[in-house]
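got a predicted model here, sequence first, then my questions.
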Amino acid sequence: MTMTKRNKAFLLIGLLAALLLAGGVSYYASDSPDGLNRVAADKGLDQQAKDHAAEDGPLAGYSVKGVGNERLSGGLAGVAGVGITLLAGTGLVYVVRRRNAGSLRDDDGDDPGRAGLAGQHR
C-alpha cells in the first residue's frame, strides 16, 4: 500500500501532537487522584493495596528514573510512552498484515487480490 502525501502529513501531524501533549502538556495534569483511586480511598480498598511489581521500573510513577528535573522527567516518560505504544501498535499491524497476506493466496499460490494488476506496482 502506497501512502499519499496527504496521509503522510496527517500521520506526521498526529505523531507531533501526541509527542507535544505527552512531552509538554502532561506536566500540567492534575495531581489529584482519578475517580477509581478516589472510590478506592473512600471505601477503604486502598488499605489492601500492595506494591506493584514494576514499582522500581525505569518509567515508574510517570517519570524517568535518574532524571532530577521533575518536569523533564515527566515529559520524557510521556514521550517514551508514545514511542513504546507506537512501536507496539506498528508491530501488531505488521504481524496481522503478514498473517492475512498469507491467507489470501489461493491453492496455486497466486494472490487473487492482484488479478489484472500484472506489471503494475502497488
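Yes, it's here.

and what about the most centrally placed residue in the chain, helix, strand or coil?
Central residue of the chain (CA atoms, centre = their mean): T85, 1.9 Å from the mean position. Following DSSP: H, G, I helix; E, B strand; the rest coil, the label given to T85 is helix.

now do it against Q48, distance only.
Separation of T85 from Q48 (CB to CB, to the nearest Å) stands at 30 Å. For the C-beta atoms, the positions are set from N, CA and C on the backbone; glycine is no exception.

now for the helix or strand bottoming out on mean pLDDT in the chain, which elements pack on it?
Using mean pLDDT, DSSP states H and E, helix 35-42 stands out as the lowest-scoring helix or strand of the chain, at a mean of 86. Counting contacts by 3 or more CB pairs under 8 Å, 6 or more residues apart in numbering; DSSP states H and E, helix 35-42 packs against no other helix or strand.

CA atoms of it as PDB?
Extracted as PDB, the C-alpha positions of helix 35-42 are listed here (Å, rounded to 0.1, in the frame of the first residue of the first chain):
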ATOM      1  CA  GLY A  35     -12.200   8.500  40.100                       C
ATOM      2  CA  LEU A  36     -11.100   4.900  40.600                       C
ATOM      3  CA  ASN A  37      -8.500   5.900  43.100                       C
ATOM      4  CA  ARG A  38     -10.900   8.200  44.900                       C
ATOM      5  CA  VAL A  39     -13.600   5.500  45.200                       C
ATOM      6  CA  ALA A  40     -11.000   3.000  46.500                       C
ATOM      7  CA  ALA A  41      -9.900   5.500  49.100                       C
ATOM      8  CA  ASP A  42     -13.400   6.400  50.100                       C
END
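
when you give positions from now on, start the count at 19
From this message on, residue numbering opens at 19, which makes the last subject helix 53-60.

got the buried residues for it?
Buried residues in helix 53-60, defined by neighbour count with 16 or more other CB atoms under 10 Å: none.

same thing with stretch 63-73?
Within stretch 63-73, no residue counts as buried by 16+ other CB under 10 Å.

first to last residue in that stretch, what's the distance?
End-to-end distance for stretch 63-73, by CA to CA, to the nearest Å: 19 Å.
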